[in-house]
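Undergrad: This is a predicted model, with the sequence first.
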Amino acid sequence: MDRALDDKFSRRSFFKVGAGVAGAVGVGTILEACGGSSSTGSGTGATGAANPAAGTAHTAPSAGKPKQGGTLMVGFTGGSSSDTLDGFNVYTSVDAARASALFEQLVQWNNQGQIENRLAEEFTPNSNGTVWTIRLKPGLTFHSGKPVTADDLIFTFQHMLNPKAPTLGSAAMVAVNPKGFKKLDSRTVRVQMTMPQTTWKEQLSVPFFFPVVPVGYDPKKPIGAGPFKLDSFTPGQRSVMSRFDGYFVTGQPYLDQLVIEDFPTSTSQINALTGGQINAAGSIPWVEVRELSGQSQVKIVNERSGQWNEYPMRTDVAPFNDVRVRQAIKLLIDRPQFVEDVYSGQAIIGNDVYARFDPDYNSNLPQRAHDPEKAKSLLKAAGADNYSFTLISGPWVPGLLEGAELIAQQATTAGVKVTVKNTPIGQFVAQDYLKAPWASGYWYDNPYAAQTILSMTKTAGQNETHWSNAQWNSLWNQLNATPEGTGPYRDLIHQMQNVEWDQGGTIIPGFYNAVDAVASNVQGLAVPDTIGPLGGPRFERGWIS
């Protein structure tokens with residue numbers, strides 16, 4: 001199984017390698033509670049860098065041809081009164097769920113680990129990435145009935161370029177010439193860059209941050225081109241959407257209505273599912289799977305993914321501005337134990353570098369091990385051996401708070417005191433996000449360059465570690481002048497990830513499976529290689545049998 005995670009294997013190949021043994025939770029993609037399952041591509045173990053996630057990664061046989069009609073009532077945790085409808089500024093899993101329903105993008109990183117065209121018919125650079133040509137598919141419409149045109153595309157880009165109101169993905173526009181847009185015809189735009197940017201298409205492939213919107217877009221009354229249009233929205237409580245008949249994928253969505261419910265805890269979310277108040281629950285705790293699997297009215301959807309919970313340290317403030325402190329904290333974590341205790345074995349061991357399923361991921365990095373003695377030595381050398389650390393976290397997604405508490409517990413093996421501050425998500429976003437020296441976070445699976453532009457560059461809207469490293473910055477500039485899919489491109493990523501591994505402030509203990517639960521009559525939301533809960537989420541594919 002180790003070979004399945006070798007660099008030369010694609011993300012899709014990883015999920016197809018061999019048959020194995022069911023893991024600690026012992027579930028397939030759709031559990032036997034649904035009336036049977038088959039098993040392909042599973043693995044166990046917790047040793048070394050190549051630690052296949054326990055469990056299986058397959059899709060159960062379809063329950064027949066998709067049917068039109070019905071309502072999907074889906075529950076998420078992590079919402080609050082700060083919930084937003086703005087597709088450019090997605091902070092929580094509930095925000096992401098709404099954005100995936102309301103908006104559509106030019107391109108998107110898909111479940112096969114590839115960048116696919118969505119609204120774009122063409123998205124191509126010149127030979128050095130200084131000029132890009134984007135052509136929209138014909139016949140596209142917004143929820144208002146207005147056609148999607150080149151003017152809307154230019155407006156969308158200018159919206160992200162607005163220096164007075166930067167969006168979370170605006171860093172992807174850093175090389176775009178603000179005056180470099182040329183409308184070639186009603187569906188085609190030529191974009192001039194100020195510098196080479198061969199990774200631009202990949203950067204714009206991240207789900208949720210790069211919607212195409214109409215001229216005059218109002219984030220409080222959003223009009224998009226996604227599969228559902230907004231009916232009503234109450235922050236922290238409920239979002240109601242109805243089927244958009246003009247969606248560009250023929251026949252989709254199948255559902256008449258989508259309702260997204262916010263729940264304060266996973267317990268209330270699961271109780272609502274088993275009690276029939278909702279018929280789908282996104283991102284349920286792994287510890288709940290065994291109990292739910294015994295209920296005939298519930299199906300468990302368990303897919304491997306590149307999702308991760310993280311514990312980023314700011315590299316620009318004490319004590320974490322000393323690289324020895326950052327290295328010491330990473331050595332305090334027993335990652336096999338973390339995967340087993342926090343994720344119930346349903347994860348791949350992390351190595352503090354993201355984009356695990358990007359084909360250019362550097363799998364040759366040495367796996368960081370639990371080494372409390374070396375951690376103590378590093379902290380002493382940095383003059384931080386008596387420092388009392390505070391880690392801000394909360395139950396914003398499954399495993400996040402539990403992981404923080406386990407890190408605090410594991411730190412005691414080196415005599416290090418870590419206090420976990422349990423904070424409501426709304427308070428964290430308003431007061432602590434991007435400000436706290438050490439906090440918690442979570443991301444869905446993205447390709448390397450796309451994730452980098454969001455969270456690592458100097459202009460990134462979500463640079464949680466406040467990362468700025470001269471060597472790394474130089475490599476990033478070189479990467480953007482190098483054609484993708486080439487040996488030099490991969491070598492540059494490997495070098496960048498080596499710097500991140502050695503000096504960065506990101507802690508990624510594991511990449512966890514996406515585990516959701518749906519009612520027995522909900523179909524179409526089990527997607528192999530999922531990039532997020534409930535298939536992405538890709539609600540347009542769901543249907544009621």
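TA: All right, it came through fine.
Undergrad: roughly how far apart are the closest residue to T413 other than its chain neighbours and D385?
TA: The spatial neighbour of T413 that comes closest, neighbours along the chain excluded (Cβ to Cβ, 6 or more residues apart in numbering), is P372 at 4.4 Å. In this view, the C-beta of every residue, glycine as well, is placed from N, C-alpha and C. Remark: distance between P372 and D385 (Cβ to Cβ, to the nearest Å) = 12 Å.
Undergrad: quick one: the strands in the stretch 351-500 of the chain?
TA: Listed in chain order, the strands of the stretch 351-500 of the chain (DSSP state E, counting those that start in this stretch) span 388-393, 417-422, 441-443.
Undergrad: Buried ones in the longest helix that the chain contains, by neighbour count?
TA: Counting residues, the longest helix in the chain under DSSP state H turns out to be helix 487-503. By neighbour count on 16 or more other Cβ atoms under 10 Å, the buried set for helix 487-503 is 489-501.
Undergrad: Restricting to C-alpha, output that helix in CSV.
TA: Written as CSV, here are the backbone C-alpha positions of helix 487-503 (Å, rounded to 0.1, in the frame of the first residue of the first chain):
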residue,chain,number,x,y,z
GLY,A,487,9.7,18.4,-14.1
PRO,A,488,11.0,21.8,-13.1
TYR,A,489,7.5,22.8,-11.9
ARG,A,490,7.4,19.7,-9.6
ASP,A,491,10.9,20.3,-8.4
LEU,A,492,10.0,23.8,-7.3
ILE,A,493,7.0,22.6,-5.3
HIS,A,494,9.2,20.0,-3.6
GLN,A,495,11.7,22.7,-2.6
MET,A,496,8.9,25.0,-1.4
GLN,A,497,7.4,22.2,0.7
ASN,A,498,10.7,21.4,2.1
VAL,A,499,11.1,25.0,3.4
GLU,A,500,7.5,24.8,4.8
TRP,A,501,8.2,21.5,6.5
ASP,A,502,11.4,22.8,8.2
GLN,A,503,10.5,26.4,9.0
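Undergrad: Helix or strand next in line after it, which one?
TA: Past helix 487-503, further along toward the C-terminus, the next helix or strand under DSSP states H and E is strand 510-519.
Undergrad: what about the closest residue to G441 other than its chain neighbours, how many residues close to it?
TA: Excluding the flanking residues, the one nearest G441 by Cβ to Cβ, 6+ apart is E310, at 4.9 Å. E310: 22 surrounding residues under other Cβ atoms under 10 Å.
Undergrad: What of G485?
TA: For G485, the number of neighbouring residues by other Cβ under 10 Å comes to 10.
Undergrad: any idea where the strands of the stretch 1-150 of the chain begin and end?
TA: Assigned strands in the stretch 1-150 of the chain, in chain order: 71-77, 107-109, 115-117, 120-125, 131-136 (criterion: DSSP E, counting those that start in this stretch).
Undergrad: now for those strands, which one comes closest to S266?
TA: When these are ranked by distance to S266, counting by Cβ to Cβ, first place goes to strand 71-77 at 5.5 Å.
Undergrad: now the angle from the closest one to strand 510-519?
TA: Relative orientation of strand 71-77 versus strand 510-519 (axes from the mean of the first three to the mean of the last three Cα atoms, to 10 degrees): 140 degrees.
Undergrad: quick one: strands adjacent to strand 71-77?
TA: Here strand 71-77 has these sheet partners by DSSP bridges: strand 257-263 (parallel), strand 280-281 (parallel).
Undergrad: Pipe the strands of the stretch 1-150 of the chain into a markdown table and attach mean neighbour count, distance to Y444 and mean pLDDT per row.
TA: Below are those laid out as a markdown table (neighbours: other Cβ atoms under 10 Å; distance: least, Cβ to Cβ, whole Å; pLDDT from 0 to 100):
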| stretch | mean neighbour count | distance to Y444 | mean pLDDT |
| --- | --- | --- | --- |
| strand 71-77 | 25 | 13 | 96 |
| strand 107-109 | 24 | 9 | 91 |
| strand 115-117 | 15 | 15 | 93 |
| strand 120-125 | 16 | 21 | 97 |
| strand 131-136 | 20 | 24 | 98 |
